[in-house]
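Novice: give me a 3D structure for the following:
(chains A, B, C and D)
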Amino acid sequence: MKLHEYQSKEMFSRYGIPVPRGIAASTREEAIEAAQNLDGPWVVKAQVHAGGRGKAGGIKVVSTHDEVGNAAEALLGSRLVTHQTGPEGAPVHKVLVEEATKVSHELYVALMIDRGFRGPVVIASASGGMDIEEVAATTPERILKEGIDPVLGLQPFQGRRLAYGLGLPQELIRPASQIALSLYDIFIDNDCSLLEINPLAIDEAGKLVALDAKVDLEDDAMFRHHDLLPLRDREQEDELEAQALENNIAYVKLDGYVGCLVNGAGLAMATMDVIQNAGARPANFLDVGGGASEDKVALAVSIMLSDPEVTQVLVNVFGGILRCDIAAGGIVKAWRDSNSQLPMLVRMRGTNVDEGKDILRGSGLDVTFADTLTEVSAALSASLR
Amino acid sequence: MKLHEYQSKEMFSRYGIPVPRGIAASTREEAIEAAQNLDGPWVVKAQVHAGGRGKAGGIKVVSTHDEVGNAAEALLGSRLVTHQTGPEGAPVHKVLVEEATKVSHELYVALMIDRGFRGPVVIASASGGMDIEEVAATTPERILKEGIDPVLGLQPFQGRRLAYGLGLPQELIRPASQIALSLYDIFIDNDCSLLEINPLAIDEAGKLVALDAKVDLEDDAMFRHHDLLPLRDREQEDELEAQALENNIAYVKLDGYVGCLVNGAGLAMATMDVIQNAGARPANFLDVGGGASEDKVALAVSIMLSDPEVTQVLVNVFGGILRCDIAAGGIVKAWRDSNSQLPMLVRMRGTNVDEGKDILRGSGLDVTFADTLTEVSAALSASLR
Amino acid sequence: MSILVDSNTRAIVQGITGGEGSFHARACIRYGTNVVAGVTPGRGGQLFDDQIPVFDTMNEAVKETSADTSLIFVPAPFAADAIAEAADAGISLIICITEGVPILDTVRVLRHLEGRPIRLIGPNCPGLISPGERCKLGIMPGNIHQPGRAGVVSRSGTLTYEAVGQLTGIGVGQSSCVGIGGDQLIGTSFVDVLEMFNNDPDTDFVVMIGEIGGTMEQDAATYIGEHFRKPIASLIAGATAPPGKRMGHAGAVITGESATSAAKTRALQEAGAVIIPTPADIGDTVQAMLAKA
Amino acid sequence: MSILVDSNTRAIVQGITGGEGSFHARACIRYGTNVVAGVTPGRGGQLFDDQIPVFDTMNEAVKETSADTSLIFVPAPFAADAIAEAADAGISLIICITEGVPILDTVRVLRHLEGRPIRLIGPNCPGLISPGERCKLGIMPGNIHQPGRAGVVSRSGTLTYEAVGQLTGIGVGQSSCVGIGGDQLIGTSFVDVLEMFNNDPDTDFVVMIGEIGGTMEQDAATYIGEHFRKPIASLIAGATAPPGKRMGHAGAVITGESATSAAKTRALQEAGAVIIPTPADIGDTVQAMLAKA
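Specialist: Numbers count the residues shown, from 1 in each chain, chains lettered A, B, ... in the order given. From the prediction side, this is the model:
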């Protein structure tokens, strides 16, 4: 679950990480009122769950109350398209009005789980404000990393080592170290999956301030953070993906046209690969999961069918925990509920495969069967001609 | 730093550990008012930093408001003498008025650092209400122990294992386990040195309730728990010991008459042993510490001299970090400030020993020198004749 | 013969009275696995299906049955506790099927186990099976397997079944099939399993099924290049997955160039693994590899 | 020869610019110890006493000086951090003089070091000295020591000086003297040091100074009875200490029968150690023991 910048900064602030003074606003009037309570010039920042807002026109620096109002008005209610959103963009329902910071230098700091280290790590770089992936690819020596032993938590010496490694002046060693320690506390207390400050600025007065703030919470741990649930902004999420997530279905919309329904994440990815190799394009990733009931399968199918780009469907079920007859029942139910006429290529194996095929055969739907992935591939290729 | 029962129970309550309803009172009137806000019968409990209150008459069960008042009045302002207080007793400035619990069974649970395990352990026993040292000595099989890996903290399975081990009925497994987990949270959050519930009762309704509560906080960690400092009750502490502690001097009053001033804890213990072996009795343990200044030595000496039982003094300084001349200067200063006429046996070795001896020799005080512990012993024996 | 488990394995099922736990415990028993006990707090003293004793704690269960292996089906919030309980009770092989374990729980429990002679498989894994030993400790359909000399190791569940299906389809049986799990952090890596297959006299060659996310396949490639002495065919799923999107598995997300299918495939190819071009070609590729060997 | 440190030891002083740190760093250097660097955050680039380079971090200090040992004088709230920093920088012998370290900090840092090839001495210890090697890493007065073949190990500071003073007084020099510290939890136990003395060809016999609190002396007694091959004389301080009162050292408190001086003395006697009856008799007892040996 992602937080907005303004929510992340509120959290940072509670943990003592310096952020610019700012107020979130939902209307032009609120934005102007916010500006009145802050010193100008101001930055008006679109609150969306996506990076790249600056280049996309989502961040505006203005110097009069009226300009704050205009900037807010222009952003609020619009959809911001950044390189991370896809062409449909993300809806802007809030802006963050902040006192503008005069920046003398930009750093990068983040906290995340590192697979190789098998635990949390702090990442920092003196190349702030840039795409960190790019920094890592082109100048990996500019990326500093501190692995954290969960027994001790992040230690002050590690914070200092990062601060010295970033080449900070002596008076910023302790504040920078303290920011890293606070990030770790936030990470642990709230079960985060990612914390990022990009950029962490040194302002003209030589103080550190988090100009941006990114907090991703781990979905798997939300059961112990009910207090954080109200921070969720569903409107930022793809509606189909969100609906799937709530029902424990893994669904990711892609830009192709072959809807696919699979049980198991690995097989679902493999199925997408088979579609692509056959010269077609998958419309989605969809893992209906192991212990799925007929209703859950039906829901998954209906989510898949809601995508207007889908022109044909591939079902690939390896019956194990999920029995083929259950899967078939769910599919038929969803097809009937949605009145779909789409053709369906079905490959079923495993538990109760015969019963499953019988149900589909008897359904009157436009079903073609394939026995192996090779046959699936051939059938898909044929359908393209 | 020790907490009173009522303070400990407030802390327990915040962490979800069930305690009887109760209110602390400082006067007869407050006690009666407390009783009016609680259901009777009531228990009136003297709040002192010492165990053994029951046998000492510090805990009274009463059934009318007037009796609550009488019990409170009798205790408040008195000094309660238990087997843990010494003959002078501990002053009672507060009583805890509680709803009396009808007990069907008494358990014991505690959390402490275990040297062998090199970490915190939970100790539990079905023999609650008894002296746990005695249980450990006579029926060690009745003591259950769970060592805690600080990486994980106390795990629910360990709580369950303790609960099953105590032979609790199924419906109490989870609540008992939860009490252990809460104790661990209290221990870690507040840097405790000991947590104890003795007894942890099963009441007539079959519910668990902490009838007594003991929280000892670790002095060395108080620097990060300023919020807990107001809970300190200095009147429960030996005044000299408290004064010493505040000045980083380790002082423990004993019941002999040879005051001793030593640098280093081990040497101070050894010096006490030498005194005893010579047939005399030490009046105190006193370690003036390593980096002591003249003023600190003087303060330590004045603390030692405040004890009216002291009839002679032994100084044993092995100069290292603490130079002998500094020690001598402090001793002379304290002697003069307190106008003491007591004779002093001095053994000095190490850094600046000659300067130190010169200072003492030139002071006009009643000083005898000894070079070795053997000579010290002989001189002490001689002084007894 | 096999790796990790065999016909002497004595297994406990943690969470045996739950929905998934009971279903799969039965399937394992039917397959031939020696399930000696179940553990569900509060159900101690009962018999599961009139035959398997259920205990309240792992300690008791291990003491009474001398079990050495545990299969965990408890819900995600309790999975780390279950793993720690198994470890503490003296279990040396812990297989955690549970999906959705909070990553910080996994961090802590992996640190807890560090340096101890305990192997954790998973979490979020299908488990493992040794067909020749009639020992299945997992959720895979037993009937698609057949005894043989292929080792299979995979990060996924159903895709492993697909792979096994294709192998069995061409008459290639399996020594052991291990699903190491789809989470970001897991107890046992590809390298760990490859080492075991390398040393197993009854495994002649290996099929390895990786996927996008992380760099575990690159570590495997390094190991294969330097130490692996047997033929190995490898498929990486997720060639068509877009960056930044989690493909079902918590660990299946492309966060940089090295996490892509292409990068992993390249590394494996350079290390000498035979590349399975598409998921449809698992059987054919293995057949060709064996023909050459 | 000696244990733990010798003339090749390359030492860093953490907290070298502080009051205690600078005082004792100078004393160690004067004694002959090879102090190659100091570390104080914010003082990097300076020279201590115009000769010893000071660094901001242990990493830099170790990289620049190839130090292997660290002596810690930082204030108690920062001691665990300093220990972890030394360990992380590759130091293999860490001596923490600092008194008053919160016990939970020690719990965590000991757990952090568990299973790693790093020895921690202390916290709250006087350090150690090997007179024949002119190497002193601690706060003991160097001039009371003389080179020789007695090993000394103790939980206390000044009482150790007393013991050493009596030994030197009768002409008995020391191979190494190790103060393991007075806290409840410490990195190195009596048994650890006794093992080293047992294996040190230049230590002929040992004087062990214990005190009330805990059962570490009983563990030592068990080790002595089963494995120790050299004469050993032992004193336990605190025979007159009352139960339940902390005698200065955090660890010197009688919490049960086994924590008493009598119980410890009995255990050591039964294990074959020569008992030093009172603190005045250390020299005499050792002399008698050597006469018999």
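Novice: most proximal residue of the stretch 51-200 of chain C with respect to chain B?
Specialist: Here the stretch 51-200 of chain C gets closest to chain B at one residue, C:E85, 3.7 Å apart by Cβ to the nearest Cβ. Yep, even glycine has a C-beta here, placed from its N, CA and C like the rest.
Novice: any idea how far chain C is from whichever residue of the stretch 51-200 of chain A sits closest to chain B?
Specialist: In the stretch 51-200 of chain A, the residue that lies nearest chain B is A:V151 (4.9 Å; Cβ to the nearest Cβ). According to Cβ to the nearest Cβ, to the nearest Å, A:V151 stands 7 Å off from chain C.
Novice: what's the answer for A:I326, then?
Specialist: Computed as Cβ to the nearest Cβ, the A:I326 to chain C distance reads 13 Å.
Novice: A:L217 now?
Specialist: For A:L217, the distance to chain C equals 11 Å [Cβ to the nearest Cβ].
Novice: count of neighbours near that residue?
Specialist: 21 (other Cβ atoms under 10 Å in any protein chain shown).
Novice: skipping its backbone neighbours, what lies nearest it in space?
Specialist: Leaving out its chain neighbours, the residue that sits closest to A:L217 by Cβ to Cβ, 6 or more residues apart in numbering or on different chains is A:M1, at 4.5 Å.
Novice: was I right about that neighbour contacting A:R232?
Specialist: Yes. Between A:M1 and A:R232 there is a contact at 5.6 Å, judged by Cβ atoms under 8 Å.
Novice: quick one: which of these two has more around it?
Specialist: The neighbour comparison of A:M1 against A:R232 (other Cβ under 10 Å) goes to A:M1, with 20 against 16.
Novice: quick one: contacts for the residue nearest to A:L217?
Specialist: With contact taken as Cβ atoms under 8 Å, 6 or more residues apart in numbering or on different chains, A:M1 is in contact with A:D216, A:L217, A:D219, A:M222, A:L228, A:L231, A:R232.
Novice: state the pLDDT value of it.
Specialist: In this model, A:M1 is scored at 91, pLDDT.
Novice: and if you look at the one 4 residues further on?
Specialist: You'll see A:E5 listed with a pLDDT of 97.
Novice: what parts of chain C come near chain B?
Specialist: C:41-42, C:44, C:56-60, C:78, C:80-82, C:84-85, C:88, C:108-109, C:111-112 (Cβ under 8 Å from any Cβ of the partner chain).
Novice: out of those residues, who's near chain A?
Specialist: Among the residues of chain C next to chain B, the residues that sit close to chain A (Cβ under 8 Å from any Cβ) are C:R108, C:R111.
Novice: could you flag which of the residues of chain C next to chain B are buried?
Specialist: Applying 16 or more other Cβ atoms under 10 Å in any protein chain shown to those, the neighbour count classes C:41, C:44, C:56-60, C:78, C:80-82, C:84-85, C:88, C:108-109, C:111-112 as buried.
Novice: which of those residues fall within helices?
Specialist: The helices, defined by DSSP state H, take in C:58-60, C:80-82, C:84-85, C:88, C:108-109, C:111-112 from these.
Novice: farthest pair within those?
Specialist: C:E60 and C:R111 (26.6 Å; Cβ to Cβ).
Novice: the closest residue to C:A250 other than its chain neighbours in helix, strand or coil?
Specialist: Leaving aside its chain neighbours, C:A250 sits nearest to C:D183 (4.8 Å; criterion: Cβ to Cβ, 6+ apart). Following DSSP: H, G, I helix; E, B strand; the rest coil, we place C:D183 in the coil state.
Novice: touching, C:D183 and C:N124? I think so.
Specialist: Yes. The criterion here is Cβ under 8 Å, and C:D183 meets it with C:N124 at 4.5 Å.
Novice: what sits in contact with each of these two?
Specialist: With Cβ under 8 Å, 6+ apart, C:D183 and C:N124 have common neighbours C:V101, C:H249, C:A250.
Novice: just the CA atoms of stretch A:183-195, as CSV, please.
Specialist: Taking C-alpha atoms only, stretch A:183-195 is exported to CSV below (Å, rounded to 0.1, in the frame of the first residue of the first chain):
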residue,chain,number,x,y,z
LEU,A,183,13.9,5.9,8.7
TYR,A,184,14.7,2.6,10.2
ASP,A,185,12.3,3.2,13.1
ILE,A,186,9.6,4.1,10.6
PHE,A,187,10.4,1.0,8.6
ILE,A,188,10.2,-1.4,11.5
ASP,A,189,7.3,0.3,13.4
ASN,A,190,5.1,0.4,10.3
ASP,A,191,6.2,-2.7,8.4
CYS,A,192,7.3,-0.8,5.3
SER,A,193,8.4,-2.3,2.1
LEU,A,194,10.1,0.8,0.9
LEU,A,195,11.1,4.2,2.3
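Novice: can you tell if that stretch touches chain B?
Specialist: No. Applying Cβ under 8 Å from any Cβ, one finds stretch A:183-195 separated from chain B by no less than 12.0 Å.
Novice: avg pLDDT for that stretch?
Specialist: 97.
Novice: what about it, near chain C?
Specialist: Yes. On the criterion Cβ under 8 Å from any Cβ, stretch A:183-195 is in touch with chain C at A:I188, A:D191, A:S193.
Novice: about what we covered before: quick one: the residue of the stretch 51-200 of chain C closest to chain B and C:T57 touch, right?
Specialist: Yes. With contact defined as Cβ under 8 Å, C:E85 reaches C:T57; the gap is 7.3 Å.
Novice: joint contacts of these two?
Specialist: Common neighbours of C:E85 and C:T57, counting by Cβ under 8 Å, 6+ apart, are B:F157.
Novice: chain D versus C:P231, what's the distance?
Specialist: Counting by Cβ to the nearest Cβ, the gap from C:P231 to chain D is 37 Å.
Novice: tell me the contacts of that residue?
Specialist: C:D204, C:F205, C:V206, C:V274, C:M289, C:L290, C:A293.
Novice: contact partners for the residue of the stretch 201-350 of chain A found nearest chain D?
Specialist: Proximity to chain D, evaluated over the stretch 201-350 of chain A using Cβ to the nearest Cβ, is greatest for A:G206 at 16.2 Å. Counting by Cβ under 8 Å, 6+ apart, A:G206 touches A:S104, A:P169, A:E171, A:L172.
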